[in-house]
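Asker: any chance you can model this:
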Amino acid sequence: MMRPRRLRDLRPPGLPFHAVQRMDTALVDRVARLPRGPWDPAFSWLTRAATHSKLWIAIAAGLALKKGPSRRAAAHGLMAVALASASVNIVAKRLLPRTRPHPAALPVHRFLSPQPTSSSLPSGHSASAFAFATGVGLLSPPLGAALVPLAAGVAYSRVHTGAHWPSDVVLGSACGVGAAFVTRTWWARLETAPPARTTPAPAPALERGEGLAVVLNPASGPAGTDSAARVRELFPSAMVKEVGEDDDAAEVARTLAATSGVRALGVWGGDGTVGAVAGVCADLRMPLAVLPGGTFNHFARDLGALEGADVADAVDAGTALVCDLGRVRAERGDPEAPEEVRVVMLNTASVGVYPNLVRRRDHLRRRLPWLPKRAAGTLAALRTFGASTPTWLEIDGVRRKVWTLYIGRGRYWPRDIAPLERPILDDGVLDLRAASARPRFARLRLLTALVTGTAERSPALHEWDAEEVELAALGRPLVLAVDGEVVPGVRRATVRVERGALTVYSPRAAG
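Answerer: Next comes the predicted model:
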């Protein structure tokens, strides 16, 4: 086989950095002199596998199979690849035209065919490789360290196969690292939620449910479930009262509480039914046992009461905790003679599009159980805010134009537009978050923040804590959603938190 010509004779004319070109020529000449071996097909395969980022997408898919830091690291790595690829291939290659190495520079068995026709400077493969490795490493240093040799192999393969000059690879790698650090400022830094904390509360130990009266909503729970039989199985000695469609769960609870021998109330149903009975327990200072009979059971989840057997054990042992309670007082109808509505708030209240966001998020999580919670919330928020209209209202006397006002009974995490977790049930505050529609390009700014994971730092999202908040409609009456139940036609409303108002049996208290 003929020896390839030395590259000093093939140097493209007109390059401004002659010293760099001389170094590139010398290095490629040395690569051309390497003996033939099994590394040749290996580097050829590696460079083709990294084309269009196929290699990094495949690795990210593998990392995403395991829930946790590796999944977030993979997502961040792909975000960095997207930025690096766009900046190098769309911008840098147009601004820095350069001829690629001549086919005669390397042996024919090693040279990449067909050779790319775009500018040689900088290397897009190298940029994507180091963007992915660095992006993953910023969130998971061990995984990033494991990927660096592979990224370096991809970068070198571009020189080994004649696709790039060495300086192209160096600049491309630097662009990739820079892109990863840029996207690090986009990527949501998950504020660590505080450790779950409970305040123990005294409660009677009711063995087999002796002294417990349970309000049961038979319409709650999965179809075909015999709710009454399940409750009697858990609490053989308890009194069980089913509520009909026309019954008021709160009145039924008050009647049961006045029955001789009743020392605690229980409830089987969704958050609406649970809230009605919880209000009675708070008024009478009577312990409450919550059974997971609803569709989502958000309050029961926070109590650690998603399993009926665990709740029964807590009631038997008398393990209970202190919990705050939210109270909503709303005026609706004729302003001259308004109707007053009072509702208990266990979890959240909202004005605007937040209920639609929650419904979409929960729908995604049911259909795609492998989808991370935060990703489901982001996708739901994008769809909701992209198609919604803002609402005018007064919040504590201040006029605001908002997409949504979210009110959490207690602080929720993450601190963005789609919170999921409430580790402390008695912190005594309302968690308020307003997605403002007032700034210029507010919708675009909010959607951009959602895509980049920076909603909690967006100027369109305002967060604050309070013990009480007053709302007033400006123009059309408001639709106020409380724990999934809709209160239409609201002209004024007050939401406040009662600290430590409720004692609840909970498996968490045992911990």
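
Asker: flag the shaky bits of the stretch 101-250 of the chain, pLDDT-wise.
Answerer: Across the stretch 101-250 of the chain, the ranges flagged by pLDDT under 70 are 104-109, 111-113, 185-191, 221-225.

Asker: those strands in it, which residues are they?
Answerer: Using DSSP state E, counting those that start in this stretch, the strands of the stretch 101-250 of the chain run over residues 200-201, 212-216, 239-242.

Asker: mean neighbour count, those strands: which tops it?
Answerer: Highest mean neighbour count of these: strand 212-216, a mean of 27 (counted as mean count of other CB atoms under 10 Å). Yep, even glycine has a C-beta here, placed from its N, CA and C like the rest.

Asker: got the domain ranges for the chain?
Answerer: Using automatic domain parsing, the domain parsing of the chain gives 7-186, 204-318, 328-498.

Asker: which stretch among those comes nearest Ser506?
Answerer: When the domains of the chain are compared by CB to CB, domain 204-318 sits nearest Ser506, at 4.5 Å.

Asker: how far does the closest one sit from its chain's centre?
Answerer: How far domain 204-318 lies from its chain's middle: 32 Å, per CA atoms, centre = their mean, to the nearest Å.

Asker: ok, now stretch 431-441?
Answerer: Distance, stretch centre to chain centre, for stretch 431-441: 19 Å (CA atoms, centre = their mean).

Asker: what's the answer for stretch 363-375, then?
Answerer: Its chain's C-alpha centre and that of stretch 363-375 lie 10 Å apart, by CA atoms, centre = their mean.

Asker: tell me which residues in that stretch are buried?
Answerer: 364-365, 372, 374-375 (16 or more other CB atoms under 10 Å).

Asker: among the residues you listed, which one sits closest to Pro292?
Answerer: The closest of the buried residues of stretch 363-375 to Pro292 turns out to be Arg365 (CB to CB; 16.9 Å).

Asker: isn't the closest one right up against Ala375?
Answerer: No. Contact between Arg365 and Ala375 fails when scored by CB atoms under 8 Å: they sit 9.8 Å apart.

Asker: give the contact list for Thr117.
Answerer: Listed by CB atoms under 8 Å, 6 or more residues apart in numbering, the contact set of Thr117 is empty.

Asker: now swap in Thr199 and tell me
Answerer: Going by CB under 8 Å, 6+ apart, Thr199 touches 321-322, 426, 500.

Asker: show me what the host helix or strand of Ala73 is packed against.
Answerer: Here Ala73 sits within helix 69-86, counting by DSSP states H and E. Here helix 69-86 touches helix 54-64, helix 124-139, helix 141-160, helix 166-186, going by 3 or more CB pairs under 8 Å, 6 or more residues apart in numbering; DSSP states H and E.

Asker: and of those, who's closest to Gly489?
Answerer: If you check each of the helices and strands packed on helix 69-86 against Gly489 by CB to CB, helix 166-186 wins as the nearest, at 41.1 Å.

Asker: any chance you could map the helices in the stretch 251-400 of the chain?
Answerer: Secondary structure of the stretch 251-400 of the chain (DSSP state H, counting those that start in this stretch): helices located at 271-284, 298-303, 308-317, 354-367, 373-386.

Asker: can you give me the offset of the fourth one from its chain's centre?
Answerer: Right, helix 354-367. Using CA atoms, centre = their mean, the offset of helix 354-367 from its chain centre is 12 Å.

Asker: tell me the contacts of Pro200?
Answerer: Shown in contact with Pro200 (CB under 8 Å, 6+ apart): 319-322, 509.

Asker: switch to 7 Å and redo it
Answerer: 321, 509 (CB atoms under 7 Å, 6 or more residues apart in numbering).

Asker: who does it form a beta bridge with?
Answerer: Leu321 (DSSP bridges).

Asker: ok, now Glu421?
Answerer: In beta-bridge terms (that is, DSSP bridges), Glu421 pairs with Trp413.

Asker: how many other residues sit next to it?
Answerer: Using other CB atoms under 10 Å, Glu421 is surrounded by 13 other residues.

Asker: list the contacts for Pro335?
Answerer: Arg491.

Asker: closest one to Thr192 among the domains of the chain?
Answerer: The closest of these to Thr192 is domain 328-498. By CB to CB, the value is 8.2 Å.

Asker: pLDDT on the closest one, on average?
Answerer: Confidence for domain 328-498, expressed as mean pLDDT, is 84.

Asker: now the end-to-end length of that domain.
Answerer: End-to-end distance of domain 328-498 (CA to CA, to the nearest Å): 11 Å.

Asker: and it, how far from the chain's centre?
Answerer: 16 Å.

Asker: ok so, going back, list the buried ones in the helix holding Ala73?
Answerer: Here helix 69-86 shows 70-85 as buried, counting by 16+ other CB under 10 Å.

Asker: ranking the helices and strands packed on helix 69-86 by burial, who's on top?
Answerer: It is helix 124-139: most buried of the helices and strands packed on helix 69-86 by mean count of other CB under 10 Å, with a mean of 30.

Asker: elements contacting that one?
Answerer: helix 69-86, helix 141-160, helix 166-186 (3 or more CB pairs under 7 Å, 6 or more residues apart in numbering; DSSP states H and E).

Asker: how about 10 Å then?
Answerer: Here helix 124-139 touches helix 39-49, helix 54-64, helix 69-86, helix 141-160, helix 166-186, going by 3 or more CB pairs under 10 Å, 6 or more residues apart in numbering; DSSP states H and E.

Asker: make CSV from the ones you listed and add distance to Val486 to it.
Answerer: Converted to CSV, these look like this (distance: least, CB to CB, whole Å):
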stretch, distance to Val486
helix 39-49, 53
helix 54-64, 37
helix 69-86, 35
helix 141-160, 45
helix 166-186, 36
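
Asker: which one of these lies nearest to Leu96?
Answerer: Leu96 lies closest to helix 166-186 among these, at 8.3 Å (CB to CB).

Asker: run the angle between that closest one and helix 69-86 for me.
Answerer: For helix 166-186 against helix 69-86, the angle by axes from the mean of the first three to the mean of the last three CA atoms, to 10 degrees is 130 degrees.

Asker: so how far is helix 166-186 off the chain centroid?
Answerer: Relative to its parent chain, helix 166-186 has a centroid offset of 27 Å by CA atoms, centre = their mean.

Asker: go on, stretch 30-40?
Answerer: Centre-to-centre, stretch 30-40 and its host chain are 48 Å apart (CA atoms, centre = their mean).

Asker: which positions in that stretch come out as buried?
Answerer: Residues of stretch 30-40 classed as buried: 31-32, 40 (neighbour count, 16+ other CB under 10 Å).

Asker: adding pLDDT and distance to Ser220, write those out as CSV.
Answerer: Below are the buried residues of stretch 30-40 laid out as CSV (pLDDT from 0 to 100; distance: CB to CB, whole Å):
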residue, pLDDT, distance to Ser220
Val31, 80, 71
Ala32, 78, 75
Asp40, 84, 67
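
Asker: what's the closest of the residues you listed to Glu421?
Answerer: Looking across the buried residues of stretch 30-40 and measuring by CB to CB, the closest to Glu421 is Asp40, at 52.6 Å.

Asker: can you pick the most crowded of the contacts of Thr199?
Answerer: Leu321 (25 neighbours).

Asker: kindly provide the distance from it to Glu394.
Answerer: According to CB to CB, to the nearest Å, Leu321 and Glu394 sit 36 Å apart.

Asker: now Gly304
Answerer: Note on Gly304: its distance to Glu394, by CB to CB, is 38 Å.

Asker: between the two, which is the more surrounded one?
Answerer: Taking other CB under 10 Å, Gly304 and Glu394 do not tie; Gly304 has more neighbours (19 against 14).
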